[in-house]
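**Q** quick one: sequence and predicted model below, then my questions.
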Amino acid sequence: MLNWHVALRAIFWRHMAACATSILAVRRTYCCAGASMAVSRALKVAAAQMTSTNDLHTNFLTCSHLVQEAATAGVKLLSLPECFSFIGSREGEALSIAEPLDGPILQRYQELAREAKIWLSLGGFQEQCPDGSRLYNTHVLLDDFGTIQSFYRKIHLFDVDVPGGPVLKESKFTAPGSEVVVANTPIGNLGLTVCYDLRFPELYQQLRFEKNAEMLLVPSAFTKVTGAAHWEILLRARAVETQCYVIAAAQAGKHNEKRESYGDAMVIDPWGTVIARCSDRLCTGLAVAEVDLDSINPVRLRMPISEHRRYDIYGCSRGSTYEKPSAL
């Protein structure tokens, strides 16, 4: 009888030990998975390249194809270039199609984002000013439900006589914005800019050092002449001096008889390396890259420019109320 009880207890304790081991294994697996999810901030992004015209429907179809291609590739954030929905062929034509942000043109793009379950950076939308006399060149950020998460109205307007190129006076029909915008989102802190802004590093300094941007979005329609001279140089400089990823969507090729864009959409890492670009500078397509936001801090720690900035000598950007933090 005693031997039977001893045997039964042994079986019982072996069973309990096996259960405990299984529970610990499950907990260990769960914790590892949780830790991995918490640590990894890698995602795919894409910069689009296209040739917009004054045909709203054709432009929408091109953007729709690009969105579907990006979604199929697993892209989480797609940036479309400045004037993605419309580029006029005559002076003032863009003003005639300008709409508020809740108008039918933008609603079609909201539906695109919702259907593809993708974040969309809409690089320069013709937003109608309240009085209808001018428009804003507005960078609109949509989340993967198609909701407007943030928007930025282009501050620097392109009033330039391009050497060997066209004379452009954006301010004739466009009003400047006045707000510096970083969208704090689940996919990172996104600094919103548009095209000609790229030539003004003070804006990007504020986006990085005052608003903690991690990715800078620079949707553009650089002219052929200025693009060949300065496009990549400026983009890489902004990446290096801010230690941010730069996503630069681009208009490419001839839009009409008077206007031609340089192209060369690309993605740049915080070290200034081009990690993706379209295979053809003038083709319609995507520059797709995997970015890891956790790789930003090691770059910033190894080259701690935020700690070395001499506010006591050259101060902050004009109009800024930023104070240097005591510890970074």
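**A** Noted; the coordinates are in hand. Since the structure is predicted, the reported quantities are computational estimates derived from the model, not experimental observations.
**Q** which residues in this protein form helices?
**A** Counting by DSSP state H, the chain has helices at residues 2-39, 56-72, 93-97, 104-116, 201-205, 224-242, 296-302, 305-308, 311-314.
**Q** buried residues, the fifth one. List them.
**A** Think helix 201-205. Residues of helix 201-205 classed as buried: 203-205 (neighbour count, 16 or more other CB atoms under 10 Å). Quick note: C-beta positions are derived from backbone N, CA and C, even for glycine.
**Q** what is the mean pLDDT for that helix?
**A** In this model, helix 201-205 has a mean pLDDT of 96.
**Q** got it, and the fourth one?
**A** The average of the pLDDT scores along helix 104-116 is 98.
**Q** kindly report the same for the third one.
**A** Per-residue pLDDT over helix 93-97 has a mean of 95.
**Q** check contacts around the closest residue in space to L286 that isn't next to it in sequence.
**A** Distances taken as CB to CB, 6 or more residues apart in numbering put A46 closest to L286, at 4.5 Å, once the chain neighbours are dropped. By CB atoms under 8 Å, 6 or more residues apart in numbering, the contact set of A46 is 70, 73, 75, 77-79, 247, 267, 276, 286-289.
**Q** what about I105, neighbour count?
**A** I105: 18 surrounding residues under other CB atoms under 10 Å.
**Q** need the contact list for it.
**A** For I105, the residues meeting the contact criterion (CB under 8 Å, 6+ apart) are 56, 85, 97, 99, 125.
**Q** how about the contacts made by the nearest residue to the first one once chain neighbours are set aside?
**A** For L56, ignoring the flanking residues on the chain, the nearest one in space by CB to CB, 6+ apart is F86 at 5.8 Å. Shown here is F86, whose contacts under the criterion CB under 8 Å, 6+ apart are 52, 54, 56, 59, 94, 97, 126.
**Q** put the buried members of those residues into a PyMOL selection.
**A** Selecting only the buried entries of the contacts of F86 in PyMOL, with 16+ other CB under 10 Å as the criterion:
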select buried, resi 52+54+59+94+97+126
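**Q** re earlier: pick out whichever of the contacts of A46 sits closest to H139.
**A** For the contacts of A46, the minimum distance to H139 (CB to CB) is 9.4 Å, reached by S79.
**Q** what is the closest one paired to in the beta sheet?
**A** Listed by DSSP bridges, the beta-bridge partners for S79 are A47, S121.
**Q** okay, it: pLDDT?
**A** 98.
**Q** wait, it touches C63, no?
**A** No - contact status for S79 versus C63: not in contact, 11.4 Å apart, counting by CB atoms under 8 Å.
**Q** comparing those two, which residue is more hemmed in?
**A** Neighbours per residue, other CB under 10 Å: of S79 and C63, the larger number sits with S79, 31 against 23.
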